[in-house]
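> Structure for this input, please:
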Amino acid sequence: MAWFVLVLAGVLEIVWAFFMKKSAGFTLLGPSVITIVAMVASFALLSFAMRSLPLGTAYTVWTGIGAVGAFALGIVALGEAATPMRLVAAILIVAGIVLMKLSSPTA
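Presented below is the predicted three-dimensional model:
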């Protein structure tokens, strides 16, 4: 259950990062509200997952999901560059997340 909650928290991190970009520096109400709500929910779910997962594992997986997800969404939805070096960096982050999951006790 903790892993499911942690993945959901990571997905919400992608949501708030995307809408923060869309908020134009918090000058647009709709995207600003979505950013804040998703941010609070993401932190709350991360906190819940940390009840049974180690701090380092939970935080690393959460930030990794957010980083890779925001990177992918930036490419797909915002037309950001998908250079070979950026793609390799994203692959390395995913590899780190997988290794962190494999090295942690199940919860």
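
> make it CA atoms for all contacts and neighbour counts henceforth
Fine.

> how would you label the residue in the chain sticking out farthest from the centre: helix, strand or coil?
Distance from the C-alpha centroid of the chain, by CA atoms, centre = their mean, peaks at residue 27 (23.2 Å). When classified by DSSP: H, G, I helix; E, B strand; the rest coil, residue 27 comes out as coil.

> do residue 52 as well
Residue 52 is classified as coil under three-state DSSP.

> cool, residue 41 as well?
From three-state DSSP, the assignment for residue 41 is helix.

> OK, contacts around it?
Residues near residue 41 by CA atoms under 8 Å, 6 or more residues apart in numbering: 9, 12.

> What of residue 43?
Neighbour list for residue 43: residue 9 [criterion: CA under 8 Å, 6+ apart].

> can you pull the buried residues of stretch 71-83?
Residues 71-74 are the ones in stretch 71-83 that count as buried (16 or more other CA atoms under 10 Å).

> which ones are touching the residue farthest from the centre of the chain?
With CA under 8 Å, 6+ apart, residue 27 has no contacts at all.

> Would you mind stating the distance between it and residue 87?
Using CA to CA, to the nearest Å, we find residue 27 at a distance of 32 Å from residue 87.

> which SSE is the residue positioned nearest the centre of the chain in?
Geometric centre of the chain, nearest residue: residue 66, 1.7 Å, by CA atoms, centre = their mean. Using DSSP states H and E, residue 66 sits in helix 55-78.
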